[in-house]
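Q: Let me see the structure of the following:
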Amino acid sequence: MHIHFIAIGGAAMHNLALALQHKGYRITGSDDEINEPSKSRLAAKGLLPESTGWFPEFIAKEKPDAIILGMHARKDNPELLIAQALGLKIFSYPEYLYEQTKSKKRIVVGGSHGKTSITAMIMHCLKTNSIDFDYMVGSQLEGFETMVRLTNESKVAVFEGDEYLTSPIDLRPKFHLYKPHIAILSGIAWDHINVFPTFEIYVDQFRQFINLVEPNGKLFFCEEDEVLKNLCEEKYENVSIQSYKIPNYEIEDGKTYLNVNSERVPLKIFGHHNLLNLQAARLACLEIGLTNEQFYSSISNFKGAARRLEWVTGNETCDVYRDFAHSPSKLKATTDAVKKQFPNRKLIACMELHTFSSLNENFLAEYAGAMDLADIAVVYFNPHTIEHKKLKPISEQQVIDAFGRKDLKVFTQSNELKTYLQSQKFNNVSLLMMSSGTFDGINLLEIIQ
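A: Now for the predicted structure:
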């Protein structure tokens, strides 16, 4: 079977291409730009296009059995237009994942935050207990070669359910296409304002997701989230709904322990939000046959997903963590986690305004109080990124006013940010770097040296 990927270079797209090649399909693809690590990973498997660009003549000649359309492509993409004209089968990325797993029991993890961590926890525990499963997760995880796996043999599929749009020609949120048997919602905090312009429209996407759970399916939701709690109290047909809450735990000498019956379970992860994520993962694992004993034994060795409170470097008096946090709720939860884990250390929290929402002047006010627990709070943004996203410029003073901290440090040049951080005395300090970007290439390993 020949499958062609339009915009094969995307993080999700190239992983799906690798997974389907491993399954035995013939894979081709195209893109107008392919960056690392996609470029090297595709090249290693012989899937890197010989030339960048779009080649409608190839589609016309080869007539692939299926086209998978990436979000990076536009709806007037020349390859897409010829495929439509020829009547070829065209799938979005999530559509094809569903197509491949229609006969399997699907676990889908949704929510404005925690999706990757919960999905990673479930995957870790299933793998540790030798349960075969398909998966799709939004981060490269230790012990897993790719971010996507599809097989003929497994009977379970675990998907991270992103609420962003499906493709240029399908404006449904991705997680509306997976139709879970077991669903998880971690919380709702307004995001993606470029496609969900009001909070009410955003919340409705999660309402629709609940209505798409398979008949007699189960939904687990975090009871601490009032918006989500109210949503889950509405009437739904043929869905069993159950809440979860923070487990009993304690922190001792910078290490977190779960109190389970009369036992203490040591954890490598920490933070209130991560413990909520753990509870969600546990309930999902129980639904597919694991025991509590198996789950706790497995989760005690879970180190976390990449860029989710990930330890980068450190010494006896300082540790550096990086996190994907960029929305207000994520900043608050992550900052809170580090401060509570190391209460006697000074916390330097630094975040990058990088997404469309975070750089929108109408959304900035949502950040009020997001880093109040930090002893030193720093914000970085690149004016060129704002220009690239065709947004109205914002000023340093607007950022200070939005966060509600007069002592907020704001930088717009990455070299100046790096110099400032390196000037700090890293004695009894936690440094937290939060961004969905890279702070324009700052090497975190160099900061405390």
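
Q: count of neighbours near K23?
A: For K23, the neighbour count with other C-beta atoms under 10 Å is 14. (Each C-beta comes from the backbone N, C-alpha and C, glycine too.)

Q: OK, contacts around it?
A: 150-152 (C-beta atoms under 8 Å, 6 or more residues apart in numbering).

Q: Next, format these as TSV and append secondary structure and distance to R172.
A: Converted to TSV, the contacts of K23 look like this (DSSP: H, G, I helix; E, B strand; the rest coil; distance: C-beta to C-beta, whole Å):
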residue	secondary structure	distance to R172
L150	coil	21
T151	coil	26
N152	coil	28
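
Q: mind listing the helices for the protein?
A: Secondary structure of the chain by DSSP state H: the helices cover 11-22, 38-44, 56-62, 78-86, 93-100, 115-128, 199-211, 226-232, 272-287, 292-299, 328-341, 383-388, 396-403, 414-422.

Q: Please tell me which one of the contacts of K23 counts the most neighbours.
A: That'd be L150 among the contacts of K23, by other C-beta under 10 Å, with 22 neighbours.

Q: list the contacts for that residue?
A: With contacts defined as C-beta under 8 Å, 6+ apart, the neighbours of L150 are 19-20, 23, 97, 100-101, 134.

Q: among those, who's most crowded?
A: Neighbour counts for those (other C-beta under 10 Å) peak at L97, which has 25 neighbours.

Q: and the gap between that one and S112?
A: Using C-beta to C-beta, to the nearest Å, L97 is found at 21 Å from S112.

Q: ditto for L391
A: Relative to S112, L391 is positioned 21 Å away (C-beta to C-beta).

Q: more neighbours, those two?
A: Set L391 next to S112 and count neighbours by other C-beta under 10 Å: S112 wins out with 22 against 15.

Q: Surely that one touches P328?
A: No - with contacts counted by C-beta atoms under 8 Å, S112 stays clear of P328, the gap being 10.1 Å.

Q: what is in contact with these two at once?
A: A189.

Q: re the thing from before, and the contacts of K23 as a markdown table, adding distance to I448 and pLDDT?
A: Output for the contacts of K23, formatted as a markdown table (distance: C-beta to C-beta, whole Å; pLDDT from 0 to 100):
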| residue | distance to I448 | pLDDT |
| --- | --- | --- |
| L150 | 41 | 96 |
| T151 | 43 | 95 |
| N152 | 48 | 93 |
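
Q: would you list the residues you listed in JSON lines and tack on distance to K174?
A: Below are those laid out as JSON lines (distance: C-beta to C-beta, whole Å):
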{"residue": "L150", "distance to K174": "16"}
{"residue": "T151", "distance to K174": "21"}
{"residue": "N152", "distance to K174": "24"}
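
Q: so which of those residues would you say is closest to E33?
A: Among those, L150 lies closest to E33 (C-beta to C-beta), at 26.0 Å.

Q: residues contacting I442?
A: I442 makes contacts with 414, 417-418, 433, as judged by C-beta under 8 Å, 6+ apart.

Q: Please report the distance of it from E387.
A: Distance of I442 to E387, computed by C-beta to C-beta: 20 Å.

Q: what does R405 give?
A: Look at R405 and E387: by C-beta to C-beta, they are 26 Å apart.

Q: So if I had to pick from these two, which one is more boxed in?
A: Per other C-beta under 10 Å, whichever of R405 and E387 has more neighbours is R405, with 19 against 10.

Q: which phi and psi does that one have?
A: phi -130, psi 110 (degrees, to the nearest 10).

Q: hang on, the earlier thing: most neighbours among the contacts of I442, which one is it?
A: Result: M433 is most packed of the contacts of I442 (other C-beta under 10 Å), 25 neighbours.

Q: and the residue nearest to R264 when sequence neighbours are not counted, what does it touch?
A: In this structure, R264 finds its nearest non-sequential neighbour in Y257, 4.5 Å apart by C-beta to C-beta, 6 or more residues apart in numbering. Y257 makes contacts with 249-251, 264-267, as judged by C-beta under 8 Å, 6+ apart.

Q: and I90, what does it touch?
A: Residues near I90 by C-beta under 8 Å, 6+ apart: 66-69, 80, 83-84, 169.

Q: and those residues, which are buried?
A: 66-69, 80, 83 (16 or more other C-beta atoms under 10 Å).

Q: Quick one: the strands in the stretch 301-449 of the chain, in order.
A: Using DSSP state E, counting those that start in this stretch, the strands of the stretch 301-449 of the chain run over residues 310-315, 318-323, 346-352, 376-380, 409-411, 429-434.

Q: what's the third one in contact with?
A: For strand 346-352, the surrounding residues in contact (C-beta under 8 Å, 6+ apart) are 325-326, 331, 335, 338-339, 371, 373-381, 417, 421, 424, 428-437, 439.

Q: thinking again about what came up before, just the contacts of K23 now: which is nearest A280?
A: Nearest to A280, judged by C-beta to C-beta, of the contacts of K23 is L150 at 23.8 Å.

Q: Fine by me, thanks again.
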